[in-house]
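Would you be able to build a 3D model of this:
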Amino acid sequence: MTDVIANFDRSAVAYEAMARPQFEMAAALAQLIGPAERHGRAVEFGAGPGLFTEHVQPWDGPYLATDAAAAMVRRGRVRCPQVEWAQHDARTVWKGPAADWIFSCNLLQWLDEPEKVLRLWRGQTHPGGHMLVAVLVHGTLGELAEVLPTAAPVVTGTVLEWQTQLTRAGFALEKSQSWHYVSVYPTALNFLRAMHAMGFAPRRGTGPGRLRAALRDYDRRFAVAGGVQATWQAWLARAQAV
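Coordinates of the predicted model:
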């Protein structure tokens, strides 16, 4: 997780230019809370530069957006200056009042023990409070996994696995949906550079020769109009603290 935080810290400025899939995911997750519900005490974990934060504004009440990467917090303050921002690791207790709403978009799949973190968040939520969460699931960047399986930048679970962890952590699922998005890049090399810009650094251990061969394979196998494709799959959920 330390390496992940460092990656996102370095890529904060480039992230906003490249993160169209994350922007679309944030927009979809925000649809799970209606405009009339956007009030109370809210805490967002892994807010990044404020992609989801922006989608649920205006908010009536205290709204705290947090991220473990200091550079992301700085970018978030620029995008959404109307909310409070703080650097905070979502795996630790936030020493503030219990929340009515907890938000997390595109964070949990990066954590080593996500269920433990979900339990922590449940302890920071009022009984009857709500949580909105979006996680990348199995199938994300499947093209890259096919040509370079040992270097996949993120390990994802299935929808059932995430739902089970959420329930065991003390949340009752209210509604959920699957989300699918396909990005197109001019070449596989452009795709890989975009992944780096978004903080998705492939795992180490792949030599330059193997990498070049994998990129050629990617260009050949996943060509579409305009370049090559990359697939993103996510699970979006709204749950209540029980």
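
what are the phi and psi values for the residue nearest the centre of the chain?
Taking Cα atoms, centre = their mean as the criterion, Asn106 is the residue nearest the geometric centre of the chain, at 1.1 Å. Torsion angles at Asn106 (phi, psi; degrees, to the nearest 10) stand at phi 70, psi 40.

So it sits against Gly46, correct?
Yes: using Cβ atoms under 8 Å, Asn106 makes contact with Gly46 at a distance of 6.9 Å. From N, CA and C alone the C-beta is placed, and that goes for glycine too.

got any ranges where the protein has weak pLDDT?
Low-confidence regions of the chain, defined here as pLDDT under 70, cover residues 1-13, 151-155, 201-206.

mind running it again at 90?
Low-confidence regions of the chain, defined by pLDDT under 90, span residues 1-19, 94-96, 112, 148-156, 193-211.

what packs against the lengthiest helix in it?
Among all segments of the chain classified by DSSP state H, the helix with the greatest residue count is helix 208-221. Here helix 208-221 touches helix 142-147, helix 188-197, going by 3 or more Cβ pairs under 8 Å, 6 or more residues apart in numbering; DSSP states H and E.

which one of the ones you listed lies closest to Gln22?
The closest approach between Gln22 and any of the helices and strands packed on helix 208-221, judged by Cβ to Cβ, belongs to helix 188-197 at 11.5 Å.

What segments of the protein are strands?
Remark: strands of the chain, listed N- to C-terminal, are 42-45, 63-67, 84-87, 99-105, 125-136, 171-185, 223-224, 227-241; assignment by DSSP state E.

Give me the contacts around stretch 52-66.
Outside stretch 52-66, the residues that touch it by Cβ atoms under 8 Å, 6 or more residues apart in numbering are 26-27, 29-30, 33, 38-47, 50, 73, 76, 79-80, 82-88, 90, 94, 96, 100, 103, 105, 134.

Buried among those residues? Make that a ChimeraX selection.
To isolate the buried members of the contacts of stretch 52-66 in ChimeraX, using 16 or more other Cβ atoms under 10 Å:
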select :26,29,30,33,38,40,41,42,43,44,45,46,47,50,73,76,79,80,83,85,88,90,94,100,103,105,134
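
which ones are touching the residue of the chain most remote from its centre?
Each residue of the chain has a distance to the centre, and by Cα atoms, centre = their mean the biggest one is for Gly209: 31.1 Å. Gly209 is in contact with no residue at all, counting by Cβ under 8 Å, 6+ apart.

What's the separation between it and Arg193?
Taking Cβ to Cβ, to the nearest Å as the measure, Gly209 and Arg193 are separated by 19 Å.

Skipping adjacent residues, who's closest to Ala237 in space?
Distance criterion Cβ to Cβ, 6 or more residues apart in numbering; nearest residue to Ala237, sequence neighbours excluded, is Ser176 at 4.1 Å.

what's around the one you found, how many residues?
For Ser176, the count of nearby residues is 18 (other Cβ atoms under 10 Å).

Let me have the strands of the chain in CSV, extended by distance to Val56.
Formatted as CSV, the entries for those read as follows, by distance: least, Cβ to Cβ, whole Å:
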stretch, distance to Val56
strand 42-45, 8
strand 63-67, 8
strand 84-87, 14
strand 99-105, 7
strand 125-136, 9
strand 171-185, 16
strand 223-224, 33
strand 227-241, 13
